[in-house]
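Enquirer: coordinates only, sequence not included:
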């Protein structure tokens with residue numbers, strides 16, 4: 001059998017914990033800088049964000065896209081709370097768009113709805129022929145969202 005030296009194991013765990021703290025600090029700093037840029041520098045009149053159900057995304061059994069770990073490590077909640085606080089501070093309207101609003105499925109040009117898979121990176125409308133990056137299409141839809149689909153916080 002192997003004889004484990006507990007002081008070596010303790011030393012390795014201490015190194016791992018220090019690296020985890022550094023990584024957390026890097027993520028927090030990035031979020032603060034990004035939110036500061038979005039609010040203090042750009043100074044928009046409103047910001048719309050999708051009210052994502054992160055816990056549901058993490059618990060989803062479909063592991064084909066391997067995003068569970070990345071989603072859980074991304075600090076979306078921290079970003080959202082910091083953004084809301086800064087918007088309140090600077091008088092910027094912040095709107096939480098409903099989780100079930102079909103931002104990805106909706107054509108930002110003609111308004112028709114089409115099912116789209118996660119691996120489909122380009123949105124191609126069957127009605128009007130508009131072709132666009134799926135994330136850009138979603139961003140336009142979230143920005144133009146009607147009031148019945150969002151909650152205004154500030």
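Expert: That came through fine. Note that the structure is predicted; figures quoted are calculated from it, not measured.
Enquirer: lowest confidence element among the helices and strands of the chain?
Expert: Across the helices and strands of the chain, mean pLDDT, DSSP states H and E gives its lowest value to helix 54-59, namely a mean of 57.
Enquirer: Can you name every helix or strand that the lengthiest helix in the chain contacts?
Expert: As assigned by DSSP state H, the longest helix anywhere in the chain is helix 6-36. Here helix 6-36 touches helix 76-90, going by 3 or more C-beta pairs under 8 Å, 6 or more residues apart in numbering; DSSP states H and E. All C-beta atoms are positioned from the backbone trio N, CA, C, and that covers glycine.
Enquirer: so how far is the helix it packs on off the chain centroid?
Expert: 13 Å (C-alpha atoms, centre = their mean, to the nearest Å).
Enquirer: Would you mind getting the angle between it and helix 6-36?
Expert: 40 degrees (axes from the mean of the first three to the mean of the last three C-alpha atoms, to 10 degrees).
Enquirer: I would like the residues contacting helix 76-90, please.
Expert: Helix 76-90 is contacted from outside by 27-28, 31-32, 34-36, 38-40, 43, 47, 49, 52, 54, 92-94, 153-154, using C-beta atoms under 8 Å, 6 or more residues apart in numbering.
Enquirer: Make a PyMOL selection of whichever of the residues you listed turn out to be buried.
Expert: To isolate the buried members of these in PyMOL, using 16 or more other C-beta atoms under 10 Å:
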select buried, resi 31+35+38+39+47+49+92+94+154
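Enquirer: Mind telling me what element residue 111 is part of?
Expert: For residue 111, there is no helix or strand it lies in under DSSP states H and E.
Enquirer: Relative to residue 129, how far out is it?
Expert: Taking C-beta to C-beta, to the nearest Å as the measure, residue 111 falls 14 Å from residue 129.
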